[in-house]
Every structure is written in structure tokens, then in C-alpha cells.
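**Q** Sharing a model prediction with you, sequence too.
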Amino acid sequence: MSGAQHAVEMTPNAVLVLAIGVLVATGVYLMLERSLTRVLIGFILLGNGVNLLLLVAGGAAGGAPIVGETPVGKMSDPLVQALILTAIVITLGLTAFILAMAYRSWQLHGHDEVQDDVEDRRIARLAARNEPSFEDADAEESGETLDDTAATVRDETDEEAAE
């Protein structure tokens, strides 16, 4: 087999690359929405896009990765298959979790939209006015120098003070 034929085998199909791009872009866009249903669909699309990316990155198709059944040079990479299977299981678990959250939100509020956190809104208002979100006692000037503070602090390593 010549080098040109080998390069052709490793070139990914343009349709698969386009499908990966569309799935990942659509998934990311939907995950930025407030509706948990859209976030769920976005996560599923993103997961499928990444699975396809792993499949394409795994190289050309080959035989079953079983020693003795397929010659070593013709085997598929089993790592890619294991990663995709693991990603499918994780996606299924997260899908069930988000579905449960969306269902509970629908029961309690009649919608599945995630609202802003009250604390986040308070901090955003303070940031817009350029005010600190907390009081920093160390930032205020007390008039006491660092030497004065050090003199009043008890040093447990000082043997004279321990007696």
C-alpha cells in the first residue's frame, strides 16, 4: 500500500466533520438558554457531537480488537470505543438528572426556566454602582502601625512570655 492510499484512508469524511460541527455548535447554543428542556437537548446534541468526534479521531475502521481473530495491524482502536461507551453512560445519567430537575421545576412553578439567583442580582447591582459587596475591616485605616500591632500580639515561641 502506497503513502497516498494510506493518507486517503485516514482522511475523515467531510459530511462527518460538518455533522460534528453542527451538533457541537447547536448543543453549545442550546445549553446557554434558560429553559432546562433546551439545556437538556443541547447537552444531548453536544454529547453526540463529541462521540462522533471521538469516532472520527479514532482512525479508519478495522476488525474486532480481539487478539487471534484479527491481525494486529487491522484492529480497531478499543480505547475510542471505551471512551464513547463511557460518554454514552454519563450522558444518560445527566439526562435523567436534568429531566428530574425540569419535572420538579414544572411541578413547583409551572415552567422549567432557571431564574437568576437573588444574591447574583444584588452583587450585579452593587458592581454597577462600583460599591464593594462586603465590608472589609482590614481596608479601613485604624491609625495603628504594623509595629504597634506586632507588639500586642502574643508570641507563643517567646520563652519569656510563656513563663
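**A** Structure received. Numbering: from 1, shown residues only.
**Q** For the residue most central in space within the chain, give me its contacts.
**A** The centroid of the chain falls nearest to Phe43 when counting by Cα atoms, centre = their mean (10.7 Å). Residues near Phe43 by Cβ atoms under 8 Å, 6 or more residues apart in numbering: Gly27, Met31, Thr91, Leu94, Thr95, Ile98. Where you see a C-beta, it was placed from the backbone N, CA and C, and this is true even at glycine.
**Q** what sits against Leu83?
**A** Leu54.
**Q** how close does it get to Arg125?
**A** 45 Å (Cβ to Cβ, to the nearest Å).
**Q** burial of Glu68, as a residue count?
**A** You called it Glu, but residue 68 is Gly. Residues near Gly68, counting by other Cβ atoms under 10 Å, number 5.
**Q** Could you do the one 4 residues further on as well?
**A** Val72 sits with 9 neighbouring residues when counted by other Cβ under 10 Å.
**Q** Please report the distance of it from Gly59.
**A** Counting by Cβ to Cβ, the gap from Val72 to Gly59 is 14 Å.
**Q** likewise Leu36?
**A** Leu36 is 37 Å from Gly59, by Cβ to Cβ.
**Q** In terms of neighbours, single out the busier of the two.
**A** A count of neighbours by other Cβ under 10 Å puts Leu36 above the other of Leu36 and Gly59, at 21 against 13.
**Q** Make sure that one is actually in contact with Ala100.
**A** No: Leu36 lies out of contact with Ala100 (Cβ atoms under 8 Å); the separation is 10.0 Å.
**Q** Overlap of the contact sets of the two?
**A** By Cβ under 8 Å, 6+ apart, no residue touches both Leu36 and Ala100.
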